[in-house]
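Colleague: Sequence first, predicted model second:
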Amino acid sequence: MDPYVRLHDHVAMAEIELYTELLIAVAGSDRRLTYEEIDAVLGVRAPVPEQARRHIRPRPAQPHHAG
């Protein structure tokens, strides 16, 4: 294999970037980060509160017609 060929693992690079962002946030804080702060650094969306979720009503059972 040619030692000058560069291999790229996009998933690994994305993980390294996320880890780097988290380390920067931790280094810039004088206390432990909350889970919400960690989620914000990593770009994770906040979960939707239960009250705001759309409640889907189950459909009534349809009678089976043998035909």
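Modeller: Received the coordinates, thanks.

Colleague: and the strand or helix carrying residue 14, what other elements does it pack with?
Modeller: Using DSSP states H and E, residue 14 sits within helix 10-27. Contacts defined by 3 or more C-beta pairs under 8 Å, 6 or more residues apart in numbering; DSSP states H and E place helix 10-27 against helix 35-42. C-beta: built from backbone N, CA, C; applies to glycine.

Colleague: and the angle from the helix it packs on to helix 10-27?
Modeller: Orientation check (axes from the mean of the first three to the mean of the last three C-alpha atoms, to 10 degrees): helix 35-42 against helix 10-27 gives 130 degrees.

Colleague: buried ones in helix 35-42?
Modeller: Residues residue 41 are the ones in helix 35-42 that count as buried (16 or more other C-beta atoms under 10 Å).

Colleague: Now do it: which elements does it pack against?
Modeller: Counting by 3+ C-beta pairs under 8 Å, 6+ apart, helix 35-42 packs on helix 10-27.

Colleague: Which residues outside the helix it packs on are in contact with it?
Modeller: 33, 37, 38, 41, 42 (C-beta atoms under 8 Å, 6 or more residues apart in numbering).

Colleague: how about a cut-off of 6 Å?
Modeller: 41, 42 (C-beta atoms under 6 Å, 6 or more residues apart in numbering).

Colleague: quick one: average confidence on it?
Modeller: Here helix 10-27 scores 92 as its mean pLDDT.

Colleague: list the buried ones in it?
Modeller: Result for helix 10-27 [16+ other C-beta under 10 Å]: no buried residues.

Colleague: okay, that helix in PDB with CA atoms only?
Modeller: The C-alpha coordinates for helix 10-27 follow below in PDB (Å, rounded to 0.1, in the frame of the first residue of the first chain):
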ATOM      1  CA  HIS A  10     -16.000  10.100   7.700                       C
ATOM      2  CA  VAL A  11     -17.800   8.600  10.700                       C
ATOM      3  CA  ALA A  12     -14.600   8.600  12.800                       C
ATOM      4  CA  MET A  13     -13.900  12.200  11.800                       C
ATOM      5  CA  ALA A  14     -17.400  13.300  12.800                       C
ATOM      6  CA  GLU A  15     -17.000  11.500  16.200                       C
ATOM      7  CA  ILE A  16     -13.600  13.200  16.700                       C
ATOM      8  CA  GLU A  17     -15.100  16.600  15.900                       C
ATOM      9  CA  LEU A  18     -18.000  16.100  18.400                       C
ATOM     10  CA  TYR A  19     -15.500  14.900  21.100                       C
ATOM     11  CA  THR A  20     -13.400  18.000  20.400                       C
ATOM     12  CA  GLU A  21     -16.400  20.300  20.800                       C
ATOM     13  CA  LEU A  22     -17.300  18.600  24.100                       C
ATOM     14  CA  LEU A  23     -13.700  18.900  25.400                       C
ATOM     15  CA  ILE A  24     -13.600  22.600  24.500                       C
ATOM     16  CA  ALA A  25     -16.900  23.200  26.400                       C
ATOM     17  CA  VAL A  26     -15.600  21.300  29.500                       C
ATOM     18  CA  ALA A  27     -12.300  23.100  29.500                       C
END
